[in-house]
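Trainee: what follows is a protein structure lacking sequence information:
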């Protein structure tokens, strides 16, 4: 009993380690059109020997509906403060050929004190770097009059100090960056160094720069769900025109709590707000989205309200949303830093959700992961209670002579064993996908039946490889060993490789939630408790202790008692397999099996 208890502890520890190592999140998204293609830059946590570093990845939209994406650049270390499209020229005198105006656009990514240009038009994107000639942090870039204007705020004098200072500006003409010797209004970071949002928009009559103070919005823990911050308070707007900041900043005070995204449409400034009214709402609501019209004097009017997208409660609420126009169609992409939702504006119908999981984008699904962990914990509790009950029955079985019908494992024992094996398989598959940097698949998605294609190969390969190898070489799996079960042929020995392969290939689909209703009555009502995979492979799942006693009784049986087993094929220990459903003859065959073993 002690070795099995230790094995169970090892299983739980392995699962906890796998779930911890697979916990991932991202915390920023920025969209940009480059060379007629739409790109998404995501900041996220990347694995490292030290436990995790900040990195960013670049994805490209496929097709017109933006429901499918492909990775272009993955896991580049560093923060991406702003993105933009540009045609950088080679600097004369450095041995590089001068680029023409017809050169392909590149995706620029702003970092602290430097900028990276990615030639995303190439099959294998290349990167080039330029140092920025100013010490402050540029965070937003907007095209204006044939050049690019970048805006930002000074870094704090030392770590731990809140960030605040005047708005600053720089200009990029494709050849070099130049700091503009102008100072704008003061920008201040939110409490507890929770940051602020900063965005610049071309409003035709000048550049509008918007900022809003942030505050932390953690529902669980930053280690689990990632750093979550939302903006609150007034949205401040400053105007930049003819190379200087003009006028007095305007305060827009009517907007609700939530992260904002600003754009201009036909001369009208619009603000998209992903509402987040209360931190407690993260467990009960995903928060609606609202679109507000902004007047030059700071007036705000609600134009559209997009209601909650989920009827059921959500574990982590959506926290950020971005509006974009792609090939004449308006879209909104929003996220809770675990999964994405895509919305499309249809003429006459308004905003409609077009995808809950755009293909190709990372989806960590913390909710599904935690529900799976809760299910595994409840299964282990039920497993422990069931194990204690079945152990008492096994002791009673050993105290009297074992009949043939008492050898076979019951449905409860088999389900308990499979729960342990499945937990181990899912943990190994999640960890394998994490190590190989494969697209994340929720544990809930792994169990959803899809008869048109195989599940993710890391799960299917682990499933088949583990079960087939363990049953072929050992006659049991870890779960079956803990439950005191083993898989045998009708000779009472371990199954062959092909028998183990057949029973588990068929069993893969028999054990799916939607098809288990077929296998379950076969195990409950069958005289030898075999499902279809067992019938095809000529295998049995037996209680190992009862089988050993039955073998001893069989070896000690007299020749007269052996005659009762004449129907069994030569060398067979267990009754023969019959490829038909059990009807009225079930009780008769069970009686024949029991009578043939009386006195053993």
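Mentor: Arrived safely, thanks for sending. Source: prediction; values computed, not measured. Numbers count the residues shown, from 1 in each chain.
Trainee: which residues does residue 342 form beta bridges with?
Mentor: residue 333, residue 355 (DSSP bridges).
Trainee: correct me, but it touches residue 69?
Mentor: No: Residue 342 lies out of contact with residue 69 (CB atoms under 8 Å); the separation is 10.1 Å. In this view, the C-beta of every residue, glycine as well, is placed from N, C-alpha and C.
Trainee: give the residues shared as contacts by the two.
Mentor: residue 358 (CB atoms under 8 Å, 6 or more residues apart in numbering).
Trainee: OK, contacts around residue 256?
Mentor: 273, 275, 277, 290.
Trainee: again, 6 Å this time
Mentor: Residue 256 makes contacts with 273, 275, as judged by CB atoms under 6 Å, 6 or more residues apart in numbering.
Trainee: please confirm that it is located within a helix.
Mentor: No: under DSSP: H, G, I helix; E, B strand; the rest coil, residue 256 falls outside any helix and is assigned coil.
Trainee: just the helices in this protein please.
Mentor: With DSSP state H as the criterion, the chain has helices at 2-22, 222-225, 366-399, 411-435, 443-446, 457-474, 478-483, 497-510, 516-525, 532-537, 544-555, 559-562, 586-596.
Trainee: buried sites along the fourth one?
Mentor: Right, the one you point to is helix 411-435. 411-434 (16 or more other CB atoms under 10 Å).
Trainee: between helix 516-525 and that helix, find me the angle.
Mentor: 140 degrees (axes from the mean of the first three to the mean of the last three CA atoms, to 10 degrees).
Trainee: so what's the residue count around residue 143?
Mentor: 13 (other CB atoms under 10 Å).
Trainee: ok, it to residue 86 distance?
Mentor: 9 Å (CB to CB, to the nearest Å).
Trainee: nearest residue to residue 524 in space, please, no chain neighbours.
Mentor: residue 411 (5.4 Å; CB to CB, 6 or more residues apart in numbering).
Trainee: what's the distance between the one you found and residue 531?
Mentor: Counting by CB to CB, the gap from residue 411 to residue 531 is 10 Å.
Trainee: could you do residue 43 as well?
Mentor: 48 Å.
Trainee: same question, residue 210
Mentor: Taking CB to CB, one finds residue 210 at 63 Å from residue 531.
Trainee: between residue 411 and residue 531, what contacts are shared?
Mentor: Counting by CB under 6 Å, 6+ apart, the residues touching both residue 411 and residue 531 are residue 523.
Trainee: state the number of residues packed around the nearest residue to residue 57 once chain neighbours are set aside.
Mentor: The shortest distance from residue 57 to any non-neighbouring residue, by CB to CB, 6+ apart, is to residue 74 (4.6 Å). The tally of other residues near residue 74 (other CB under 10 Å) stands at 15.
Trainee: please begin residue numbering at 35 from this point
Mentor: In the new numbering, first residue 35, that becomes residue 108.
Trainee: how much space between residue 108 and residue 152?
Mentor: In terms of CB to CB, residue 108 sits 12 Å off from residue 152.
Trainee: next: residue 491.
Mentor: With distances taken as CB to CB, residue 491 is found 30 Å from residue 152.
Trainee: the more surrounded of those two?
Mentor: Just comparing residue 491 and residue 152: by other CB under 10 Å the higher neighbour count belongs to residue 152, 22 against 12.
Trainee: give me the nearest residue to the more buried one, chain neighbours excluded.
Mentor: residue 141 (4.6 Å).
Trainee: do the same with residue 500
Mentor: Per CB to CB, 6+ apart, closest to residue 500 is residue 459, 5.9 Å.
Trainee: give me the residues contacting stretch 149-164.
Mentor: Residues outside stretch 149-164 that contact it (CB under 6 Å, 6+ apart): 68, 69, 106, 107, 122, 138, 140, 141, 142, 143, 148.
Trainee: avg pLDDT for it?
Mentor: Taken as a whole, stretch 149-164 carries a mean pLDDT of 90.
Trainee: tell me how many other residues crowd residue 565.
Mentor: Using other CB under 10 Å, residue 565 has 23 other residues around it.
Trainee: local confidence estimate at the closest residue to it other than its chain neighbours?
Mentor: Closest residue to residue 565 apart from its sequence neighbours, by CB to CB, 6+ apart: residue 553 at 4.3 Å. If you check residue 553, the pLDDT there is 82.
Trainee: then residue 519?
Mentor: 89.
Trainee: same deal with residue 87?
Mentor: Reported pLDDT for residue 87: 75.
Trainee: go on, residue 309?
Mentor: pLDDT, residue 309: 88.
Trainee: same check on the one 10 residues further on?
Mentor: In the prediction, the pLDDT value recorded for residue 319 is 58.
Trainee: equivalent analysis for residue 46, please.
Mentor: Reading off the model, residue 46 has pLDDT 57.
Trainee: cool, and residue 59?
Mentor: 69.
Trainee: let me see the contact set for the nearest residue to residue 139 once chain neighbours are set aside.
Mentor: Nearest non-adjacent residue to residue 139, counting by CB to CB, 6+ apart: residue 69, 4.3 Å away. Contacts here follow CB under 6 Å, 6+ apart; on that basis residue 69 touches 138, 139, 155.
Trainee: residue 69 and residue 120, how far apart?
Mentor: Applying CB to CB to residue 69 and residue 120 gives a distance of 11 Å.
Trainee: can you list the weak-confidence ranges in the stretch 135-284 of the chain?
Mentor: Counting by pLDDT under 70, the ranges of the stretch 135-284 of the chain that qualify are 135-136, 191-194, 224-227, 253-260.
Trainee: mind listing the strands for it?
Mentor: Ranges of strands in the stretch 135-284 of the chain, per DSSP state E, counting those that start in this stretch, are 140-145, 148-152, 161-165, 171-178, 181-187, 198-200, 202-206, 211-214, 220-222, 230-236, 241-250, 263-265, 269-275, 278-286.
Trainee: next, the angle from the second one to strand 181-187.
Mentor: Angular relation of strand 148-152 and strand 181-187 on a 0 to 180 degree scale: 140 degrees, by the same axes, to 10 degrees.
Trainee: cool, thanks, talk later.
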